[in-house]
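Student: Predicted model, plus sequence, below.
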Amino acid sequence: MQFARKPRRQPVLNIIPLIDVLVVLLIFYIATTVFKKSQPNIVIQVPESTQAKQATGTPPSILYVSSEDKVFLDDTPVDIDKLGDLLKSKRDANPDFKFALKADKKMSFGTLAKIWDAAHAAGIADVNAFMDTTKPGDAGQ
């Protein structure tokens, strides 16, 4: 005796829940990623100051100066002699352009004078600098 066989259903792969899970994972990845400005791979020890104040407002571009007097604007190496032209072009493109100086405490004063001259030639009168704000008694804590 032969029994009637039921036709076999083809397996169905439902892809919609898979896409939902992937979208949730993508959102989680984007939300937990640390967004950080790139900076050159140089070691800078900023000078100490007991009177330095925390800056507020939008963060400016950062001009890095190493102890060997190498200059970087954000993460781009810059020739110190062409810094004035570069700052002027940035200032022409954005009239609100500002930069902050993050210089090593062992950089030469001549480099600092060239940076000030370049900033004034570009029409930037307000140059902020990064300082270490640790108080003398806080070093051991």
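Tutor: Sure thing, it's come through.
Student: ok, Leu101 touching Asp126?
Tutor: No: using CB atoms under 8 Å, Leu101 makes no contact with Asp126, being 11.2 Å away. Quick note: C-beta positions are derived from backbone N, CA and C, even for glycine.
Student: Who has more neighbours out of the two?
Tutor: Higher neighbour count among Leu101 and Asp126: Leu101, with 19 against 9, using other CB atoms under 10 Å.
Student: so how far is Ala125 from that one?
Tutor: 14 Å (CB to CB, to the nearest Å).
Student: what does Ala31 give?
Tutor: Where Ala125 is concerned, Ala31 sits at a distance of 40 Å (CB to CB).
Student: Over to Phe99?
Tutor: From Phe99 across to Ala125, the span is 12 Å (CB to CB).
Student: Report the set of residues contacting both of these two.
Tutor: Counting by CB atoms under 8 Å, 6 or more residues apart in numbering, the common neighbours of Phe99 and Ala125 are Ala119.
Student: neighbour count winner among those two?
Tutor: Phe99 (21 against 7).
Student: Quick check: bridge partners of that one?
Tutor: Judged by DSSP bridges, the bridge partners of Phe99 are Ser61.
Student: Touching, it and Pro60? I think so.
Tutor: Yes: at 5.1 Å, Phe99 and Pro60 qualify as touching, with contact defined as CB under 8 Å.
Student: What's the local residue count around Trp116?
Tutor: Neighbour number of Trp116 under other CB under 10 Å is 13.
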